[in-house]
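>>> everything below, folded, please.
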Amino acid sequence: MEENFIECTVLHEEAVKKIKEKMPEDGYIYDLAELFKVFADSTRMKIIYALLEEELCVCDIANIVGTTQSAISHQLRILKQAKLVKFRKEGKVVFYSLDDEHIEEIVKKGSEHIEEL
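Residues are numbered from 1 along each chain as shown. Next up, the predicted model:
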């Protein structure tokens, strides 16, 4: 497999070397990109915003978001796989909440960036 490099007349060798040494492995970069893909869906963002307030069951989330329980369950499955939400059972009812404080920090930083534009 041939690698394509941009040809340029000036190469800042020290800067390139320093950054390449600090660059995470491709697998790590892939995982990070996959995490951000999860945030790239408006329904999932609505679910996250709702769960920023308090833990909720699927029925309550569906009502807040304005879609079906089936659609919410599908999105919650994606959020669980990404370790963004967790759940607990109380009898037959399953309650969902954000997995940890990092999710709130990510949303807050994204909001700050949007408000700057």
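>>> hey, let's count contacts and neighbours off CA atoms from now on
Fine.
>>> where does this structure dip in pLDDT?
For the chain, the stretches with pLDDT under 70 are 1-6, 9-10.
>>> how about the helices in it?
In the chain, helices defined by DSSP state H lie at 13-22, 26-38, 42-53, 58-65, 69-81, 101-116, listed in chain order.
>>> give the other helices and strands that the fourth one contacts.
Packing partners of helix 58-65 (3 or more C-alpha pairs under 8 Å, 6 or more residues apart in numbering; DSSP states H and E): helix 42-53, helix 69-81, strand 93-98.
>>> of all those, which one is nearest Phe87?
Smallest distance to Phe87 across these (C-alpha to C-alpha): 4.4 Å, for strand 93-98.
>>> and Ile103, what does it touch?
Each residue near Ile103 by C-alpha atoms under 8 Å, 6 or more residues apart in numbering is listed here: Leu84.
>>> can you give me the buried ones in stretch 32-42?
By 16 or more other C-alpha atoms under 10 Å, the buried positions in stretch 32-42 come out as Val38, Phe39.
>>> how far does it sit from the chain's center?
Taking C-alpha atoms, centre = their mean, to the nearest Å, one finds stretch 32-42 lying 4 Å from the centre of the chain it belongs to.
>>> now stretch 33-51
Remark: stretch 33-51 is offset 6 Å from the chain centroid, using C-alpha atoms, centre = their mean.
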